[in-house]
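Undergrad: how would this look folded up:
(one chain, ligands or ions: 2)
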Amino acid sequence: MTTDQFFTQLWNDYITITPQAEAVRQLFVEHGEEVINDHVAFRTFSNTPVDLSHLQPVIETLGYEAAGEYRFEQKKLNAKSFRHQTEESAPKIFISELQIHELSEPAQKILNGLTAQIPGNLTLDPSIFWHGRLWNMPTSAEYSLLREESEYAAWLSTIGIRVNHFTVSIEKLKCYNDIGAVNTLLASQGFPLNSVGGEIKGSPEMLLEQSSTMADKITLTFQDNKEETVPSCFYEFAKRYPDADGKLFQGFIEGNADKIFESTNAM
Ligand code: OOG
Ligand code: NI
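TA: Residues are numbered from 1 along each chain as shown. Ligands and ions are numbered 1, 2, ... in the order given. As a prediction, the model looks like this:
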């Protein structure tokens, strides 16, 4: 599978539950822009057949290599970023992993019940990244308990493994290459922005500025047959700046990422 084919599959899966992403892309196209994506992100559970150590070899078969490691203490997450070895313009990949064993006993019990349903004989290939849930829906009570402790756990329990966001490369836009201008355009069209810690995360001095929408909402039926509206996925916007050597900064920033995660909080 080529990287183009991989990202086309991811995009098609993503917009089925994130219609705002296609609407935002269209908006840029109407303004004469070509949208190039900087990165995509996935979330997963530790110590499972689909944990980071199992997903990493799959993206390595696509030509990616590990580029950075991150830790989010309060959210109990570890994460890694990956860059394509030869295709400079291929989007970067960010994968985070919830450390289930760091959660409370009741939350662990719920999550272990879900992850125990993951088939042991799962063959891992790129399609795992648009597979979605590999377990039944939690009950609505389990979902609320998870939410109280970890919005990430609650989100992942209902959505599963599929792309969490794509990210527009602001510095590659012709006219809208200013994050404030992007945010104003989005707000004028009624797209709600993530305002945790301010709408713009990071700064030119940090070589990375980011903003994101709040996730779309979808209605799902829980295991106890209750229907609820839950957050699906969002769209991110990132502007990278050149470092002292004149090369575009390609990393991620924990302080920014910590706030971007909250784009899937149930409001
Ligand atoms: C990932 C959040 C981190 C970034 O650009 O810093 C991130 C997530 O929400 O799963 O994407
Ligand atoms: Ni991101």
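Undergrad: Which strands or helices does the helix ranked longest in the chain pack on?
TA: The longest helix of the chain (DSSP state H) is helix 3-17. With contacts defined as 3 or more CB pairs under 8 Å, 6 or more residues apart in numbering; DSSP states H and E, helix 3-17 has these neighbours: helix 19-30, strand 37-45, strand 165-169. (C-beta placed from N, C-alpha, C; glycine too.)
Undergrad: my guess is Gly63 meets Thr3, correct?
TA: Yes. Taking contacts as CB atoms under 8 Å, Gly63 lies within contact range of Thr3: 6.7 Å.
Undergrad: quick revisit: go through the longest helix of the chain and flag the buried ones.
TA: Within helix 3-17, the residues that count as buried by 16 or more other CB atoms under 10 Å are Thr3, Phe6, Phe7, Gln9, Leu10, Trp11, Asp13, Tyr14, Ile15, Ile17.
Undergrad: can you redo these as TSV with pLDDT and distance to Ile93?
TA: Output for those, formatted as TSV (pLDDT from 0 to 100; distance: CB to CB, whole Å):
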residue	pLDDT	distance to Ile93
Thr3	97	10
Phe6	98	10
Phe7	98	10
Gln9	98	14
Leu10	98	10
Trp11	98	14
Asp13	98	15
Tyr14	98	14
Ile15	98	18
Ile17	98	19
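Undergrad: Quick check: neighbours shared by Gly63 and Thr3?
TA: His84, Glu87, Ala90 (CB atoms under 8 Å, 6 or more residues apart in numbering).
Undergrad: Got a quick ChimeraX command for the buried subset of these?
TA: Entered in ChimeraX, the line below selects the buried ones among the shared contacts of Gly63 and Thr3, by 16+ other CB under 10 Å:
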select :84,90
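Undergrad: Let me have the helices and strands packed on helix 3-17 in TSV, extended by mean neighbour count, mean pLDDT and distance to ligand 1.
TA: Output for these, formatted as TSV (neighbours: other CB atoms under 10 Å; pLDDT from 0 to 100; distance: least, CB to the nearest ligand atom, whole Å):
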stretch	mean neighbour count	mean pLDDT	distance to ligand 1
helix 19-30	16	98	14
strand 37-45	22	98	4
strand 165-169	22	98	6
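Undergrad: which residues of the stretch 151-267 of the chain score low on pLDDT?
TA: Across the stretch 151-267 of the chain, the ranges flagged by pLDDT under 70 are 267.
Undergrad: How about the residues of it by ligand 2?
TA: Contacts of the stretch 151-267 of the chain with ligand 2, taken as CB under 5 Å from the ion, map to Glu236.
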